[in-house]
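for reference, the sequence and a predicted model appear below.
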Amino acid sequence: MVFLLSFVGFLVLLFLFFMGIYNALIVLRNQVKNSFAQIDVQLKRRYDLIPNLIEVAKKYMAHEKETFEDVVKARNAALNNQEAASKDPSDGEAMESLNKSEGQLNGALGRLLMLTENYPELKADQTMNKLTEELTTTENKISFARQNYNDNVLNYNNKREVFPNSIVANMFLFKASKYFEVTDEKEKEAVKVQF
């Protein structure tokens, strides 16, 4: 009888132990999702600013059609990938696609903003100045949100990979999360907005 009670007690403790691990993994996974939602908000704001920026620039930069098309194409690709990643931030392929498209968008925006240097009237335009200031602020917010997201991904991935947590993570299919990082070295340079 004592053996049976000890065995049942052991099973209850084991169950509580694994339940604690499971709940901790759920909390950390939700933190990853929440921190991606913060990036999501800033990315949407950024994507909304880009068409306005292009419209103002078109008035002055009529001969830069190819650059505008590159920015619009990169924005649309990034927007599509952002929507896919926001559905499931733990989807590694979706995050890789978002990383790549964000890098391409940064490059296209950088080229556009570099070209604006050749147009003094555009540099003096108040609307353009306001839009570039908002874009710079949004870029900073994205950077901070990205750092927070990557910190949460690190905590979650560490928690799911250590023993005995890895047993629970594998049993309940907790997937590793991917970092939100720029994959192309050239695109790691920040977009410089100067007027």
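Noted; the coordinates are in hand.

run a quick neighbour tally on Asn34.
Per other CB atoms under 10 Å, the neighbour tally for Asn34 reads 13. Using the backbone N, CA and C atoms, a C-beta is placed for each residue, glycine as well.

give me the buried positions along the least confident helix or strand in the chain by mean pLDDT.
Counting by mean pLDDT, DSSP states H and E, the chain has its least confident helix or strand at helix 120-124, which shows a mean of 84. Residues Leu122 are the ones in helix 120-124 that count as buried (16 or more other CB atoms under 10 Å).

now the element after that helix, going C-ward?
Per DSSP states H and E, the first helix or strand lying C-terminal to helix 120-124 is helix 126-161.

helices or strands next to that next one in the packing?
helix 2-60, helix 165-171 (3 or more CB pairs under 8 Å, 6 or more residues apart in numbering; DSSP states H and E).

how about that helix: buried residues?
Neighbour-count burial for helix 126-161, counted by 16+ other CB under 10 Å, picks out 128, 131-132, 134-135, 138-139, 141-142, 145-146, 148-150, 152-153, 156-157, 159-160.

do stretch 19-27 as well
Residues of stretch 19-27 classed as buried by neighbour count (16+ other CB under 10 Å): 21-22, 25.

in a markdown table: those, plus pLDDT and distance to Lys59.
Formatted as a markdown table, those follow (pLDDT from 0 to 100; distance: CB to CB, whole Å):
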| residue | pLDDT | distance to Lys59 |
| --- | --- | --- |
| Ile21 | 96 | 59 |
| Tyr22 | 96 | 58 |
| Leu25 | 96 | 53 |
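
and which of those residues is nearest Glu181?
Nearest to Glu181 among the buried residues of stretch 19-27 is Leu25, at 22.9 Å by CB to CB.

what's the distance between the closest one and Val71?
Counting by CB to CB, to the nearest Å, the gap from Leu25 to Val71 is 40 Å.

closest one of the buried residues of stretch 19-27 to Glu96?
Among the buried residues of stretch 19-27, and counting by CB to CB, the member closest to Glu96 is Leu25, at 22.8 Å.

quick one: Asn158 from Gln31, how far?
Counting by CB to CB, the gap from Asn158 to Gln31 is 13 Å.

typo on my end, Arg46
Arg46 is 23 Å from Gln31, by CB to CB.

with Lys44 instead?
Applying CB to CB to Lys44 and Gln31 gives a distance of 21 Å.

now Glu55
As judged by CB to CB, Glu55 and Gln31 stand 38 Å apart.

higher neighbour count, the two?
Higher neighbour count among Glu55 and Gln31: Gln31, with 17 against 13, using other CB under 10 Å.

can you tell me the closest non-neighbouring residue to that one?
Asn152 (4.7 Å; CB to CB, 6 or more residues apart in numbering).
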